[in-house]
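K.L.:
what's the 3D shape of this:
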Amino acid sequence: QVQLVESGGGLVQAGGSLRLSCVVSRRSFSNYAMGWFRQAPGKEREFVATISGHGGTTYFGDSVKGRFTISRDNAKKTVYLQMDSLIPEDTAVYYCAARATIVTSTTARGYDYWGQGTQVTVSS
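P.N.:
Residues are numbered from 1 along each chain as shown. I've put the predicted structure just below:
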């Protein structure tokens, strides 16, 4: 069983930054593409970012392009989401997800394992 544990969420003012981390309990971490999704109250889960197994390919949702960065450290079995220039609309629970292939996916159903989520709140 693959376990994902997110951390780094919190309360931040608009214009600020946060970095989310997700540690994966899997020896072959580099064989997994990783993604970040978010879900605000009353809304559907939204794609945020994804990164391929070896980190060479990334994609971002339109609403976060140019503000968010995704990266991974395969030695630490960790994926990161650097969020800059945060706006109140970024407020949501952020979920880390793992996909049992090195190829990225921008859809939630493309992922096999999910973390428990971490709350990000951006105040205006």
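
K.L.:
assign a three-state SS to S30, would you?
P.N.:
Reduced to three states with DSSP: H, G, I helix; E, B strand; the rest coil, the structure at S30 is helix.

K.L.:
tell me where this structure has helices.
P.N.:
In order along the chain, the chain carries no helices (DSSP state H).

K.L.:
tell me what the residue nearest the centre of it is bridged to.
P.N.:
What sits nearest the mean C-alpha location of the chain, by CA atoms, centre = their mean, is W36, with 2.4 Å. Beta bridges link W36 to A49, C96 when assigned by DSSP bridges.

K.L.:
right, and it touches T50 too?
P.N.:
Yes: here W36 reaches T50: they are 7.5 Å apart, a contact under CB atoms under 8 Å. Glycine gets a C-beta too; all of them are placed from N, C-alpha and C.

K.L.:
number of residues surrounding T91?
P.N.:
T91 has 18 neighbours, counted by other CB atoms under 10 Å.

K.L.:
about what we covered before: can you tell me how far the residue nearest to the centre of the chain sits from A49?
P.N.:
The gap separating W36 from A49 is 5 Å, by CB to CB, to the nearest Å.

K.L.:
anything in contact with each of the two?
P.N.:
Overlap of the contact sets of W36 and A49 (by CB atoms under 8 Å, 6 or more residues apart in numbering) consists of 70, 81.

K.L.:
who's in contact with the residue nearest to the centre of the chain?
P.N.:
Neighbours of W36 in contact, by CB under 8 Å, 6+ apart: 20, 22, 48-50, 70, 79, 81, 94-97.

K.L.:
again, only this time at 10 Å
P.N.:
Listed by CB atoms under 10 Å, 6 or more residues apart in numbering, the contact partners of W36 are 6, 20, 22, 46-51, 60-61, 64, 68, 70, 79-81, 83, 94-97, 115.

K.L.:
tally of neighbours for the closest residue to T107 other than its chain neighbours?
P.N.:
The spatially closest residue to T107, leaving aside those adjacent along the chain, is F47, at 6.9 Å (CB to CB, 6 or more residues apart in numbering). Number of residues near F47 (other CB under 10 Å) recorded here: 21.
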